[in-house]
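In: Here's my sequence, what's the structure:
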Amino acid sequence: MKIKVSNISIENIKNNQFQNELPEIFQLKNVIENNSWHDHESVFDHTIDVLETLEKSLENINPQINSYLNQKIDDHTKRELLFLGTLFHDIAKGDVLVESEGSTLCPGHEEIGFKQVKDILDRFDLSAPEKDVVANIVKYHGKLHAIIDPQNIKLDEQFNKLKLGHSNIFIELILLARADTLGAQLKYNNPAEYKFRIDHYKRVVDIYHL
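Out: Numbers count the residues shown, from 1 in each chain. Next up, the predicted model:
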């Protein structure tokens, strides 16, 4: 029997439900990151933080974005698909994590996650177009982290290129990147960079017109 998207919630994931159906999520409890974004934090805990941050941030979102997220692809809303994309966005970090002098990196986890999540999504009551949306959120979620950098002299050019190239999931990528940043430790480890990133996302969300 397929997993119903409507049955997946932050609370039941926190309460260890769906361990048999989605073991990959719970294996992330054993994947520990330590860098400017994560302070000896498991990927599972970070994922929960990002989900909770995303949910809270959507409570008073721009009405146009709210309307956009309530649109359906087939049977599910873009909001539901964004939730799944967020749940699985770091699913492959355990496969690529490397440690050097006490600091960790997860190079290429987006691309590996994109490949892995395709199989995971077959367990859900999703159409093929809906699966593609979720998988592409996973694949491209790291792009904005690379672009929205105070040291990036081509920020505007690359930002606009991403917006044009992935217009069908652009707002989802913005919302996930913002929640990902808010739910990380960057605010404590590099306050100036954190403010730069959050200010940029806030401007986009506040003025975005669909």
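
In: Please make it C-alpha for all contacts and neighbour counts, starting now.
Out: Fine.

In: Residue 135: what's it in contact with?
Out: Counting by Cα atoms under 8 Å, 6 or more residues apart in numbering, residue 135 touches 85, 114, 115, 117, 118.

In: Looking at those residues, which are in helices?
Out: Counting by DSSP state H, those place 85, 114, 115, 117, 118 in helices.

In: can I get these in TSV with distance to residue 43, neighbour count and pLDDT?
Out: Formatted as TSV, the ones in helices among the contacts of residue 135 follow (distance: Cα to Cα, whole Å; neighbours: other Cα atoms under 10 Å; pLDDT from 0 to 100):
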residue	distance to residue 43	neighbour count	pLDDT
85	15	26	98
114	17	23	98
115	18	16	96
117	16	23	98
118	20	15	94
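
In: Which residues belonging to the helix of greatest length in the chain are considered buried?
Out: Scanning the chain for the longest helix, with DSSP H as the assignment, gives helix 191-207. For helix 191-207, the neighbour count (16 or more other Cα atoms under 10 Å) marks 193, 194, 197, 198, 201, 205 as buried.

In: now do stretch 9-16
Out: Neighbour-count burial for stretch 9-16, counted by 16+ other Cα under 10 Å, picks out residue 13.

In: Show residues contacting it.
Out: Taking Cα under 8 Å, 6+ apart as the rule, stretch 9-16 contacts 18, 26, 48, 51, 52.

In: what's the nearest residue to the first one if we skip its chain neighbours?
Out: Closest residue to residue 18 apart from its sequence neighbours, by Cα to Cα, 6 or more residues apart in numbering: residue 12 at 7.8 Å.

In: Can I get the longest helix of the chain as CSV, trimmed to CA atoms?
Out: Output in CSV follows, covering the C-alpha atoms of helix 191-207 (Å, rounded to 0.1, in the frame of the first residue of the first chain):
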residue,chain,number,x,y,z
PRO,A,191,26.3,36.4,12.1
ALA,A,192,27.2,38.8,9.2
GLU,A,193,26.9,36.1,6.6
TYR,A,194,23.7,34.8,8.2
LYS,A,195,22.2,38.3,8.0
PHE,A,196,23.2,38.8,4.4
ARG,A,197,21.6,35.6,3.4
ILE,A,198,18.4,36.0,5.4
ASP,A,199,18.0,39.7,4.3
HIS,A,200,18.2,38.5,0.6
TYR,A,201,15.6,35.8,1.0
LYS,A,202,13.3,38.2,2.9
ARG,A,203,13.4,40.8,0.1
VAL,A,204,12.5,38.1,-2.5
VAL,A,205,9.7,36.7,-0.4
ASP,A,206,8.2,40.1,0.6
ILE,A,207,8.1,41.5,-2.9
